[in-house]
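Novice: starting from these lines, generate the structure:
(2 chains)
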Amino acid sequence: MTKKILLTLLTVFTIGGTAVFAAGTEPDFVEIMEGLDMRSNFEDIDFSSQLTIITEDPEDGVSKEVTNQFRNDNNDEMMMITLEPVSQKGQGMLKVGDNVWMYDPETRKFTHMSLKENYGDSDAKMNDFGTSSYAEDYKVSGYTEGKLGDYDVWIVEWEAVNDEVPYPYVTAYIDRASELLLMTKEYSLSKRLMRSSYYLKYAQINDKYISTQMIFKDETMENAKTTIAISSISLDELDDSIFTKSYLERVNR
Amino acid sequence: MTNQKSVPVVWKIATRNLIEHKTKTLIIGAIVAIGMLVLILGNAILDTATAGIEKNYIENFTGDVILSGETENGIFFFAMEQMRSGDESETPITPDYFEIKEYLDSSNIVESWSPLISGMATMMFTDEIIMPTQIFGVDIEKYTVSFPDNMEITDGRMLEPGEEGIMLSPAAAAMFEEAYGHKPAEGDTIEIMATTDRAGMKIREIEYVGTFKYNNSEINPMLGLTCITDFSSLRSMLGMNLAAETVELSSEEESLIGGFSDDDLFGGGLFTDITEEGEARSAADILAEISDRSDVEALYLEDSGEWNFITIKLAGATSNTAAMKQFSEDFTASQWDVQVNDWLEGAGTQAQMSYTLKTVFNAIIAVIAIVAIIIIMNTLVISITERIPEIGTMRAIGAQKGFVRRMITAETFIITVVFGLIGIVAATAILLGLNASCINIDNMFVRMLLGGSELRPVISIQTLLLDLIGVVAIGVAASLYPTVVALRISPVTAMES
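Specialist: So this is what the prediction gives:
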């Protein structure tokens, strides 16, 4: 009888202990970051879509830009061509790796830009478009669990490991169920909150996810934000010539 | 004692009292003299600074009056100063330019006027060497008429009327040399990029014409960083040659405008069906759409008449206040929404700082004056208390209250005038010394405050007289209470004490 009791207690403690141990296991955030990159990068297929970029500025009011985006993530290449407003029609942005060029069709001139700079007058950075490289750019320095609206999230602290990114410190809110990024709070070197980014909607394309509605809120200025909606998504193959300066020069000829 | 006889007697007794009470006299006198010295030196330096700043800005840069579009945030000639102030709006456009042009040409209080476009752009020398810069777009003919001596061409030549080109600041020319290993020369082109809400990103190549330096650029370091182009080049860079477009939003897009809370955004429904997101467009479709530029060309305006500011130099002795009043009345009557600004509003924070400093100095002087009154009053009270038997005796032998009052007032008057004059002499000697030694100021901040690189304070006779009258008034005010104290004592009590 005593043996049975001891055996039962041993079993209970063993199972309980395992459960406790399992509950205390840290999520592998490196793997989650790699997952974020992997699922949003279209490595084996080309990708194109239309972006509607609405920027609210407390001083200058509301502006709207419609842009077509072409991506070849395999080569880390991206082309964005502005369709609206008419005054900016044909202006382009070509990104190849970490190099970004802006194109002015009026003078047919290119200028080299940094990924850290804002896209036009919007609150989005050049870095917000194209391939994702969170696992390469950041390391995890801490995490907690929490809730964001209806979602159970991991609130993960990221620290930049290179100076290619616009913000050195980021707090990322990752949905625990889907492991998709819902929100980031982005900080300067002095830990001042500079921007909040919201990824409100995702579309699933095969095993990939693309955020189709995003908000970038400038935290340094009240009521300044940019909303980006992605539509007209296509996975049709794109000609390599699209990702060249001469393509931009050709389209405006 | 009669009033007629008492006047010289009062002065005689007052002088004798001052000599007899040397220590008290010297204490009060020293306070008066030092106060006068500080007042004159401070006012001389600040008056010279503000006069210098006013002259430099009006003659070389802002004119007497500036017209602009209506704005609640103040006007900024320099985009960098605007950004520093936290104002990120675009510089307003002065409306109804063509009508205002006619008005100014026919106005008899206007000597000359010159319109100005102010823009911020980036000079792209190489991929690595870039330089954000302030650019003024001007009608060079009008600009040189309004401000004939405001710059010195250090290399190349001046922009010609009707010519497209850029004159570089010394800083931009140095950056060019660093990028290309040689000084800029005529025929070289400078690549400049600007981003605006209206036109997005624009890149322009503008031909180099010359390098120039604003005279007296030490009054504002931004002047040393400012380049000048013809107005049409800058207008095109800033999209000011394009008709404004209206923003049309769908009801769904409208719903995204405005504030929100983080939690409200994530109320469920994270996933969307790709088929709901519109038809995909091929690269060929985009190519076709972009290649048709007829709609873009339709936006270009022949002469938009868009300028940020109009600087006006007034004719003869027309005062700023009167001219501004007349302009405001005439513009309101014509229903032109133009803001009329004093030169100081366009001069920027550096110039305004000097004026603020003057106000602060005057406030400090007011506090010092109050303290001086209290000290002088106390010293006089002590002095009078010591002289109570003497005053009592005077009263007992027939001196009226009015006589005693006049005597004490005369004492204070003599002290303040004599020591005030000593203060004036000392301050004048110091000012002459400062002028003779012509002190050069290296500190940029002090240069800005003083409106130049040399300390040459001057003072007018009018200011000296005003300061002296002020000091005498302070002295007389300080003597009021001690006089009351002296007169309160009855002759008998005074003689007994």
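Novice: up against chain B, what does the stretch 151-253 of chain A have?
Specialist: Contact residues, the stretch 151-253 of chain A versus chain B (CB under 8 Å from any CB of the partner chain): A:151, A:175, A:178, A:180, A:182-183, A:196, A:198, A:200-205, A:212-213, A:215, A:221, A:223, A:227, A:229-234, A:236, A:238-239, A:242, A:250-253. For glycine as for every other residue, the C-beta is placed from the backbone atoms N, C-alpha and C.
Novice: low pLDDT regions in the stretch 151-300 of chain B?
Specialist: Applying pLDDT under 70 to the stretch 151-300 of chain B flags residues B:274-280.
Novice: quick one, helices of it?
Specialist: Taking DSSP state H, counting those that start in this stretch as the test, the helices found in the stretch 151-300 of chain B are B:170-180, B:231-237, B:251-255, B:262-265, B:283-291, B:294-299.
Novice: name the residues of the third one that are buried.
Specialist: Within helix B:251-255, the residues that qualify as buried by neighbour count (16 or more other CB atoms under 10 Å in any protein chain shown) are B:Glu253.
Novice: residue of the stretch 1-150 of chain B closest to chain A, please.
Specialist: Per CB to the nearest CB, B:Ser89 is where the stretch 1-150 of chain B lies closest to chain A, at 3.1 Å.
Novice: was I right to think that residue contacts A:Asp60?
Specialist: Yes - with contact defined as CB atoms under 8 Å, B:Ser89 reaches A:Asp60; the gap is 5.9 Å.
Novice: once you drop chain neighbours, what's closest to the residue of the stretch 1-150 of chain B closest to chain A?
Specialist: A:Glu59 (3.1 Å; CB to CB, 6 or more residues apart in numbering or on different chains).
Novice: where does the closest residue to B:Phe231 other than its chain neighbours fall, phi/psi-wise?
Specialist: Spatial nearest neighbour of B:Phe231, excluding adjacent residues (CB to CB, 6+ apart): B:Gly137 at 4.1 Å. Per-residue torsions, B:Gly137: phi -100, psi 120 (degrees, to the nearest 10).
Novice: okay, the residue nearest to B:Ser89: pLDDT?
Specialist: Looking at A:Glu59, its pLDDT reads 76.
Novice: buried only: go through the residues of the stretch 151-253 of chain A next to chain B for me.
Specialist: A:151, A:175, A:180, A:182-183, A:196, A:198, A:200-203, A:212-213, A:215, A:227, A:229-234, A:238, A:242, A:251-252.
Novice: picking up where we left off before, pretty sure the residue nearest to B:Ser89 sits in a helix.
Specialist: No - under DSSP: H, G, I helix; E, B strand; the rest coil, A:Glu59 falls outside any helix and is assigned coil.
Novice: burial count for it?
Specialist: Around A:Glu59 sit 14 other residues, with neighbours defined as other CB atoms under 10 Å in any protein chain shown.
Novice: B:Gly69 too?
Specialist: Applying other CB under 10 Å, I find that B:Gly69 has 19 neighbouring residues.
Novice: give me the number of residues near the closest residue in space to it that isn't next to it in sequence?
Specialist: Leaving aside its chain neighbours, B:Gly69 sits nearest to B:Pro92 (2.9 Å; criterion: CB to CB, 6+ apart). When neighbours are counted by other CB under 10 Å, B:Pro92 registers 16.
Novice: got phi/psi on B:Val458?
Specialist: Torsion angles, degrees, to the nearest 10, at B:Val458: phi -130, psi 160.
Novice: surely it and B:Leu432 touch.
Specialist: No - counting by CB under 8 Å, B:Val458 stays clear of B:Leu432, with 10.1 Å between them.
Novice: the more surrounded of those two?
Specialist: B:Val458 (14 against 10).
Novice: in the stretch 151-253 of chain A, which residue sits nearest chain B?
Specialist: Across the stretch 151-253 of chain A, the shortest distance to chain B (CB to the nearest CB) belongs to A:Ser234, at 3.2 Å.
Novice: so what's that residue up against?
Specialist: By CB atoms under 8 Å, 6 or more residues apart in numbering or on different chains, the residues touching A:Ser234 are A:47-49, B:280-282.
Novice: what's the domain layout of chain B?
Specialist: Chain B breaks down by automatic domain parsing into domains covering B:3-57+B:351-496, B:71-243+B:304-336.
Novice: would you convert the ones you listed into CSV that also reports distance to A:Glu145?
Specialist: Listed next are the domains of chain B as CSV, based on distance: least, CB to CB, whole Å:
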stretch, distance to A:Glu145
domain B:3-57+B:351-496, 52
domain B:71-243+B:304-336, 38
